[in-house]
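Q: below are the sequence and a predicted model; questions follow.
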Amino acid sequence: MSVTPRTAGTKIPGLRRHKPRALAFDDREGIAVATEPEVLRQISSVLSEDELVAVVDAICGPWSGPDDGSITPEIVWNKLTVLPRFRGSRVLRRAINRACVNVGSPQETRLRLMLIRAGLPTPVVAHPIRTAAGVVHPDLSYPDLRIAIEYDGDHHRTDRQQWSHDIERERSVRQQGWDYIRVTARMPDGLIVHTIREAITERSRE
């Protein structure tokens, strides 16, 4: 979380203090809210490039806005052109170039970036798979190899209805001849990369 403190001595665990040079606000039902370009300008100097990718993924994702793909990374960048040059603009531009539409969560962003960093091919986000149960959009996939990858948060384990839905979802995808790899937060990064690399190698032989 990033906030603009009223006093210089404000220290709260989990918050990053910074003093912006200027603020641009929108009025949202009587509440002054910093504009999207202004927020991006401010955080570009305090977040890492990967963290900024996750932010832009969120702006362009279905969980924080329209799910029709109408907000793209390029649209996000175009909104920033109204601002004067600012610190962090280069790293933000690189992050925007690496961002994608239709990413469902920050964990999915982290998984995608991790696979790319490990030297694996860039996975496709939310590729449609037609099944007997309807169209399924796995978090990540390699369509040419028919490999689907899903990130399962803890609610996938604790919610019985979600658990049953996930089982049916996996079954329907596998019936179409796809591999289905489920990833959780408890899995070590090395194991995730190894599992997916093995699946790619095996499928490439077929």
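A: Received it, and whenever you're ready, just let me know what you need.

Q: output the contacting helices and strands for the strand or helix carrying residue 74.
A: Following DSSP states H and E, one finds residue 74 within helix 73-80. Here helix 73-80 touches helix 36-43, helix 49-59, helix 89-98, going by 3 or more Cβ pairs under 8 Å, 6 or more residues apart in numbering; DSSP states H and E. Every residue, glycine included, has its C-beta placed from N, CA and C.

Q: now those helices in JSON lines, with mean pLDDT?
A: Listed next are the helices and strands packed on helix 73-80 as JSON lines, based on pLDDT from 0 to 100:
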{"stretch": "helix 36-43", "mean pLDDT": "88"}
{"stretch": "helix 49-59", "mean pLDDT": "96"}
{"stretch": "helix 89-98", "mean pLDDT": "95"}
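
Q: rebuild the ones you listed as CSV, extending it with mean neighbour count and distance to residue 117.
A: CSV is the format used below for the helices and strands packed on helix 73-80 (neighbours: other Cβ atoms under 10 Å; distance: least, Cβ to Cβ, whole Å):
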stretch, mean neighbour count, distance to residue 117
helix 36-43, 20, 22
helix 49-59, 21, 9
helix 89-98, 17, 11
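
Q: hang on, the earlier thing: quick one: buried residues of the helix holding residue 74?
A: 73, 76-77, 80 (16 or more other Cβ atoms under 10 Å).

Q: and if you look at stretch 99-117?
A: 99-115.

Q: among these, which are in helices?
A: Taking DSSP state H, the ones among the buried residues of stretch 99-117 that sit in helices are 106-115.

Q: out of the residues you listed, which one sits closest to residue 163?
A: Nearest to residue 163, judged by Cβ to Cβ, of these is residue 107 at 18.0 Å.

Q: got a list of what the residue nearest to that closest one when sequence neighbours are not counted touches?
A: Leaving out its chain neighbours, the residue that sits closest to residue 107 by Cβ to Cβ, 6 or more residues apart in numbering is residue 151, at 5.2 Å. Each residue near residue 151 by Cβ atoms under 8 Å, 6 or more residues apart in numbering is listed here: 105, 107-108, 111, 139-140, 183-184.

Q: 10 Å - rerun?
A: Residue 151 makes contact with 104-105, 107-112, 138-140, 181-185, 187, 192, according to Cβ atoms under 10 Å, 6 or more residues apart in numbering.

Q: what's the spacing between residue 114 and residue 51?
A: Residue 114 sits 14 Å away from residue 51, going by Cβ to Cβ, to the nearest Å.

Q: most centrally placed residue in the chain?
A: Central residue check for the chain by Cα atoms, centre = their mean: the C-alpha nearest the mean position is that of residue 109, 3.3 Å away.

Q: I figured it hits residue 101, correct?
A: No - Residue 109 is not in contact with residue 101 according to Cβ atoms under 10 Å; the separation is 12.0 Å.
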